[in-house]
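**Q** How does the following fold in three dimensions:
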Amino acid sequence: MSENNIKDLTVDITNFVATIEIRRPPHNFFDVELITQIADTYSEMDSRNDVRAIVLCAEGKNFCAGANLGASNVGNAKDSSTGVLSNDLYRQAVRIFRSKKPVVAAVQGAAIGGGLGLAVSADFRVTCPEGRFSANFTKLGFHPGFGLTLTLPSLIGKQRASLMCLTSRRIDGLQATTWGLADLCVPLCDVRLEAQKIAQEIASCAPLAVASTRSTLRIGLADSIAMQTDHELAEQNALRGTKDYKEGIESASQRREPIFQGK
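**A** Numbering: from 1, shown residues only. Down below sits the predicted model:
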């Protein structure tokens, strides 16, 4: 069964597995609109008895290479009355974490910044040696978001998460799998297939038992993400007015090393 009625996503439902494909190739940059579409689609899948597991994948070279720095609605929309970022993006992100169906992310390329946050929101990640994972916020003069300051330490430990976040280091799919950031590393051509195999394995189990067990395993997670993103947003707003943030964004768009001044 196929459904193609969402602007930037396609949905295919086969044998109780919904394959949701992001279609903003080649890099699949995100904004509030895309994250809202994913949250809405997850909500729809939660209501369907013919869906027991989800595969989240993307068309093109990268899974999600982060925010589109040239877009007006990159992430949290700016409130014109206060000059600060509102919480629109993170409210939608919390909806993603509240979804009830298990999700396997097929990460065939880059998962960067908020794109890493989206990948980490899934229950499992399948990647390949070409996969790239980075919480690159400090290279942009910014604070991590999308709940990564909570989810990343829970996956790979505080020390490794601190290394990724404070250095903005990029790791490949092999390293990500060794660290536990990804669950499986396979050849590039097999990433989506292997993700679907895991989802099918989940879908073959008793759906009520799966739902109950997953709910217990993730108990309190969405509420914790809501609190964490509130804090992340406050820190992001504090840094938005700095010269280092302006330099970080400009250097990224110009593809050069930033020169930060601590101002």
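**Q** any chance you could map the helices in this protein?
**A** All helices of the chain, identified by DSSP state H, fall at 32-46, 88-97, 114-121, 148-156, 158-167, 173-179, 191-203, 207-217, 221-240, 243-253.
**Q** wait, which of the ones you listed is closest to residue 64?
**A** The closest of those to residue 64 is helix 114-121. By CB to CB, the value is 3.0 Å. Placement of C-beta: from N, CA and C, glycine included.
**Q** Can you give the distance of that closest one from its chain's centre?
**A** 2 Å (CA atoms, centre = their mean, to the nearest Å).
**Q** what helices or strands is that helix leaning on?
**A** helix 88-97, strand 103-106, strand 132-134, helix 148-156 (3 or more CB pairs under 8 Å, 6 or more residues apart in numbering; DSSP states H and E).
**Q** Could you rerun that using 10 Å?
**A** helix 32-46, strand 53-58, helix 88-97, strand 103-106, strand 110-112, strand 132-134, helix 148-156, helix 221-240 (3 or more CB pairs under 10 Å, 6 or more residues apart in numbering; DSSP states H and E).
**Q** what angle do the last one and helix 148-156 make?
**A** Here helix 221-240 runs at 130 degrees with respect to helix 148-156, directions being taken by axes from the mean of the first three to the mean of the last three CA atoms, to 10 degrees.
**Q** now swap in the third one and tell me
**A** Between the axis of helix 88-97 and that of helix 148-156 there is an angle of 30 degrees, by the same axes, to 10 degrees.
**Q** Alpha carbons only: can I get helix 88-97 in PDB?
**A** Output of helix 88-97 as PDB, limited to C-alpha atoms (Å, rounded to 0.1, in the frame of the first residue of the first chain):
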ATOM      1  CA  ASP A  88       7.900  25.800  17.200                       C
ATOM      2  CA  LEU A  89      10.500  23.300  16.000                       C
ATOM      3  CA  TYR A  90      11.100  21.700  19.400                       C
ATOM      4  CA  ARG A  91       7.400  21.300  20.100                       C
ATOM      5  CA  GLN A  92       7.200  19.200  16.900                       C
ATOM      6  CA  ALA A  93      10.400  17.300  17.800                       C
ATOM      7  CA  VAL A  94       8.700  16.300  21.100                       C
ATOM      8  CA  ARG A  95       5.800  15.000  19.200                       C
ATOM      9  CA  ILE A  96       8.200  12.800  17.300                       C
ATOM     10  CA  PHE A  97       9.500  11.400  20.600                       C
END
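**Q** Excluding chain neighbours, what is closest to residue 144?
**A** residue 137 (4.6 Å; CB to CB, 6 or more residues apart in numbering).
**Q** Mean pLDDT and mean neighbour count added to the helices and strands packed on helix 114-121, as a markdown table?
**A** Shown next, in a markdown table, are the helices and strands packed on helix 114-121 (pLDDT from 0 to 100; neighbours: other CB atoms under 10 Å):
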| stretch | mean pLDDT | mean neighbour count |
| --- | --- | --- |
| helix 32-46 | 96 | 19 |
| strand 53-58 | 98 | 27 |
| helix 88-97 | 96 | 22 |
| strand 103-106 | 98 | 27 |
| strand 110-112 | 97 | 27 |
| strand 132-134 | 98 | 24 |
| helix 148-156 | 98 | 20 |
| helix 221-240 | 96 | 17 |
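**Q** Save the ones you listed as CSV, and put in distance to residue 118 too.
**A** Shown next, in CSV, are these (distance: least, CB to CB, whole Å):
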stretch, distance to residue 118
helix 32-46, 8
strand 53-58, 8
helix 88-97, 8
strand 103-106, 8
strand 110-112, 7
strand 132-134, 12
helix 148-156, 10
helix 221-240, 12
